[in-house]
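Chemist: What follows is a protein structure lacking sequence information:
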């Protein structure tokens, strides 16, 4: 197994860094930038809901997602 390297950053510190990433950003930063953008769109559309999973643990669910999304 290959060793994994990385940096730990608290969410409050990491989000602005991802948000402000520009041209030439690392592909990992671009991935997270897009993921955060999609998540914020789902929150804005009020499609994120608290729920319980099959074991009774608290989870977050997305939906119902409109057909045109």
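Modeler: Everything's here; your move. Values in this document were obtained by computation on a predicted structure and should not be read as measured data.

Chemist: Now the element after the helix or strand hosting residue 32, going C-ward?
Modeler: In the assignment (DSSP states H and E), residue 32 maps to helix 27-44. Downstream of helix 27-44, the first helix or strand assigned by DSSP H and E is strand 48-52.

Chemist: Neighbouring strands of that next one in the sheet, and parallel or not?
Modeler: Note on strand 48-52: by DSSP bridges, its sheet partners are strand 58-62 (antiparallel).

Chemist: which residues are contacting the strand it pairs with?
Modeler: Applying Cβ atoms under 8 Å, 6 or more residues apart in numbering, the contact partners of strand 58-62 are 42, 47-53. Using the backbone N, CA and C atoms, a C-beta is placed for each residue, glycine as well.

Chemist: go again using 10 Å as the cut-off
Modeler: 38-39, 42-43, 45, 47-53 (Cβ atoms under 10 Å, 6 or more residues apart in numbering).

Chemist: Going by neighbour count, list what's buried in the helix or strand bottoming out on mean pLDDT in the chain.
Modeler: When the helices and strands of the chain are scored by mean pLDDT, DSSP states H and E, helix 11-19 comes last with a mean of 77. Under the neighbour-count criterion of 16 or more other Cβ atoms under 10 Å, helix 11-19 has residue 18 buried.

Chemist: and that helix, how far from the chain's centre?
Modeler: The chain centroid and the centroid of helix 11-19 are separated by 11 Å under Cα atoms, centre = their mean, to the nearest Å.
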